[in-house]
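# Show me how the following folds:
(chains A, B, C and D)
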2 protein chains.
Amino acid sequence: MSIHANSPEGFCYQCPNRHFRFCHSLLNSGSDEFDAYAVKNKTFAAKQFLYHQGDWNQELFVLREGWVMLSRVSEDGKRQVFRSVLPGEILGFQQYLHERAIYSAIALVDSVVCKIPNIIGLCTTQPELALSLASAAARDMMLTERYLTHISHRSARERIVFMVLELYHRLRQRLLNKHYSIHFPLKQEDIADMLGLTTIHVNRTLHALKDDGLLEIHKHELTILDYDALCLLVEYEPEALVTN
Amino acid sequence: MSIHANSPEGFCYQCPNRHFRFCHSLLNSGSDEFDAYAVKNKTFAAKQFLYHQGDWNQELFVLREGWVMLSRVSEDGKRQVFRSVLPGEILGFQQYLHERAIYSAIALVDSVVCKIPNIIGLCTTQPELALSLASAAARDMMLTERYLTHISHRSARERIVFMVLELYHRLRQRLLNKHYSIHFPLKQEDIADMLGLTTIHVNRTLHALKDDGLLEIHKHELTILDYDALCLLVEYEPEALVTN
DNA sequence: AAGAAAAATTAACCTAGATTAACTTTTAAC
DNA sequence: GTTAAAAGTTAATCTAGGTTAATTTTTCTT
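Numbers count the residues shown, from 1 in each chain, chains lettered A, B, ... in the order given. Take a look at the predicted model:
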C-alpha cells in the first residue's frame, strides 16, 4: 500500500523543493504510483563523496539541501570542476548514458539527497515526468553552455564575476540568499579548477575585486558589494536563468 | 489516416539516421500516432540561418544531412560558437525552456532538417520518446562538459586537437568519414570563436600541427595524419562518446 | 590548547597567446 | 574573366595570467 506523497505523512510534504518542476512531477502524478516512502534520503557529511568517477552507479539523486560539486581528475592529475549542484537540482542522470560516472560528486557541506528509485520505470508510465527530466537536462545544458561562453572568451575577472553571479541567482531562486550574501563553500582552488585559472591568480583577482568594492568572500560567506557593476561587467542577464 | 512511418512510403524509411535513438523512438512507437508525413523537411542552403538568437521559435529539428553551427553574438560584438550539430543530432530543444533562442543556428553547408511537429504532444503519449529526448539532452550535455574540460585547462594546440578528434569521431559514428578525412566546413575564425582563441593563433597552431605531421586542413577537407599521436596529446577516449 | 595540515597570500619572473598591422591567396559576384 | 570581398598568412610587439618559491593565516586533530 503506498501513501500518496503529497500527504502530510510523505517525506516530500515539507520539502522546500517540492514545487520545482521535477519534484512537482513526481508528486503530482495522477496515480499513486510514486510512493514518497520509497525515496531513500541519505545524508552526506561535508567532504564525503556521493560517488566517484568510474563508479558504476545507476541512481538518480535530487539534492534536498547542501552543496554538491561535480569534478573530474584527469590522467595527468589536473582537476576539472564541472559545476555545483544546488538544492532542488538533479544529479546522476549522466550515468544512464554511460554505464560509469565520468565525474565524481562530492558534498562540500553537510547535504541531504533523495535517491529516486526506478526513475526509468516511473517515466514509462508518466510521460510528464520524463519530460521534466528532459527539461532538467536541457536546463543544465544551458547553464553549462553559458559557462563555456563566459569562460573561454573572458578575462579572469570576468570569469569569476560570472560564476559568482550565477551561483548567487541560482541560490536566490531557492531563497537561499541573505540579501546580497550567500553561503559559499568553494575554496579558491575550486574556483581555479572550475574556471581554468591558477589559485594564485584567483587570489589576486579576488583581492582586486574586493579593493574595487565589487565583491568579497570572507569565512565562507560571499557578499556582492555592487550588484549593478558586476552585472554590467559581464553582461549578465538574470532572466536567462530559468526556474526548473 | 496516418501512414506508419516505417512503411516504404514514409519519408523516414530511407533516412540514414533512422536507427539513432531519437528517430528510432519516433518510428517505432507502438501506435500509429507518429505520422512520418507530418514531418516537414526543409532544405537550408549554406550560410542560411535556421533561426536567429532572440527568435521566438518553438520547433524541434533533427538534422538529416549537412552541418549546422550554433553561435551567439554578445553585446560587445564578440561571437561565441557553441558547437556543431551533425547529422542525426537534435537541435532546437533549448527553446522549450526559454521562449527565445539564446543562440543562432546557421547551416555551414547545404543541409536538410526535419521539423518534428508537436513533439510535446507526442511525448505525452509516448514516454519512450520523452526519455530519448532526455537522453539526447544528456548526451549533448556530456559533449559540452567535455569541451569545457578540454578547453578551459588546455593549450591552444590541445584545444584544436580535441575539437578535431571529437568532430571526427562524431562523424565516423555516422559513417561520414573517408578513412582519416572528413569534410570540414569550419573556417579558422569559427575555430577561434569556438575555442576562445584568435584567428591568428589558430592559423599559427594549425601550421605547427601540419609541420609536425599531426593533422592538415586543406580546401574544407580535414585529414588526420597521426591519429595515435593526437589521441595521446589530449588523452582522448573515443569510447566516451556514446551513440545516441 | 598545541601541533599539524590545509588554505590563503605575496612577490619575482616568464611564456602562451593577444594585438596591431601588413600582405597574400582564395572564393564569390557580376 | 575581372574585380571585390572574404579568408588565410606572417611578423613584431605586448600583456594577462602562469610558474616557482616562500610565508602567513586558518582550520582541523588530538
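# Look up phi and psi at A:Glu128.
Torsion angles at A:Glu128 (phi, psi; degrees, to the nearest 10) stand at phi -60, psi -40.
# nearest residue to it other than its sequence neighbours?
Excluding its sequence neighbours, the residue lying closest to A:Glu128 (CB to CB, 6 or more residues apart in numbering or on different chains) is A:Ser25, at 5.3 Å. Yep, even glycine has a C-beta here, placed from its N, CA and C like the rest.
# Give the next helix or strand downstream of the helix or strand harbouring the one you found.
A:Ser25 belongs to helix A:21-27 when elements are defined using DSSP states H and E. Sequence-wise, the next helix or strand downstream of helix A:21-27 (DSSP H and E) is strand A:40-44.
# Where does the record place the domain boundaries for chain A?
Domain assignment for chain A by automatic domain parsing gives A:21-137, A:154-240.
# quick one: secondary structure of A:Pro87?
The local conformation at A:Pro87, judged by DSSP: H, G, I helix; E, B strand; the rest coil, is coil.
# as a whole number, average confidence for stretch A:99-109?
For stretch A:99-109, mean pLDDT is 90.
# quick one: contacts of that stretch?
Defining contact as CB atoms under 8 Å, 6 or more residues apart in numbering or on different chains, one finds that stretch A:99-109 is touched by A:44-57, A:66-73, A:82, A:84-85, A:91-92, A:94-95, A:183, A:185-186, A:190, B:142, B:145, B:240.
# nearest residue to the residue nearest to the spatial centre of chain A other than its sequence neighbours?
By CA atoms, centre = their mean, the mean C-alpha position of chain A lies nearest to A:Val85, the distance being 1.7 Å. Of all residues not flanking A:Val85 in the chain, A:Val68 sits nearest, at 4.1 Å (CB to CB, 6+ apart).
# partners of the one you found in the sheet?
Applying DSSP bridges to A:Val68 gives these bridge partners: A:Val85, A:Ala107.
# Let me see the contact set for it.
With contacts defined as CB under 8 Å, 6+ apart, the neighbours of A:Val68 are A:50, A:84-85, A:91, A:105-108, A:111, A:113.
# what about it, distance to chain B?
A:Val68 sits at a distance of 15 Å from chain B (criterion: CB to the nearest CB, to the nearest Å).
# what's the answer for A:Thr149, then?
Taking CB to the nearest CB, one finds A:Thr149 at 4 Å from chain B.
# cool, and A:Ile182?
In this view, A:Ile182 and chain B are 23 Å apart by CB to the nearest CB.
# Doesn't that residue belong to a strand?
Yes: applying three-state DSSP, one finds A:Ile182 inside a strand.
# What about it, how many residues nearby?
22 (other CB atoms under 10 Å in any protein chain shown).
# thought it was touching A:Glu216?
No: look at A:Ile182 against A:Glu216 with CB atoms under 8 Å: they stay out of range, at 11.8 Å.
# what is in contact with the two at once?
Common neighbours of A:Ile182 and A:Glu216 (criterion: CB under 8 Å, 6+ apart): A:Leu222.
# hmm, back to that, looking at the residue nearest to the centre of chain A now. What's its pLDDT?
For A:Val85, the pLDDT comes out at 96.
# now A:Ser29
A:Ser29 is assigned a predicted lDDT (pLDDT) of 69.
# can you confirm A:Ile217 is in a strand?
Yes: according to three-state DSSP, A:Ile217 belongs to a strand.
# which residues does it form a beta bridge with?
Note on A:Ile217: beta-bridge partners by DSSP bridges are A:Leu222.
# what sits against it?
The neighbourhood of A:Ile217, defined by CB under 8 Å, 6+ apart, consists of A:184, A:206, A:223.
# show me the contacts for the second one.
What it means is A:Leu206. Residues near A:Leu206 by CB under 8 Å, 6+ apart: A:160, A:188, A:217.
# Looking at those residues, which is nearest chain B?
Of all these, chain B sits closest to A:Ile160, with 13.1 Å by CB to the nearest CB.
# how many other residues sit next to that closest one?
Other residues near A:Ile160 come to 27 when the count uses other CB under 10 Å.
# Once you drop chain neighbours, what's closest to it?
Distances taken as CB to CB, 6+ apart put A:Thr205 closest to A:Ile160, at 5.6 Å, once the chain neighbours are dropped.
# Determine if any part of the host helix or strand of the one you found is in contact with DNA strand D.
Assigned by DSSP H and E, A:Thr205 belongs to helix A:199-211. Yes: using CB under 7 Å from any atom of the strand, helix A:199-211 reaches DNA strand D at A:200-201, A:205.
# Neighbour-wise, give me the winner out of these.
Going by other CB under 10 Å, A:Thr205 tops the residues of helix A:199-211 next to DNA strand D with 22 neighbours.
# show me the contacts for that residue.
A:156-157, A:160, A:197.
# residue ranges for the helices of chain A, please.
A:21-27, A:119-125, A:127-152, A:156-173, A:188-195, A:199-211, A:227-234 (DSSP state H).
# chain center to the third one: distance?
Spelled out, that is helix A:127-152. Centroid separation between helix A:127-152 and its chain, computed with CA atoms, centre = their mean, to the nearest Å, is 11 Å.
# Which strands and helices lie in contact with it?
Helix A:127-152 is packed against helix A:21-27, strand A:79-85, strand A:90-91, helix A:119-125, helix A:156-173, strand B:79-85, helix B:119-125, helix B:127-152, with contacts defined by 3 or more CB pairs under 8 Å, 6 or more residues apart in numbering or on different chains; DSSP states H and E.
# do you know which of these lies nearest DNA strand C?
Taking CB to the nearest atom of the strand, helix B:127-152 is the member of those nearest to DNA strand C, at 10.3 Å.
# From A:Lys42, how far off is A:Gln48?
Counting by CB to CB, to the nearest Å, the gap between A:Gln48 and A:Lys42 amounts to 10 Å.
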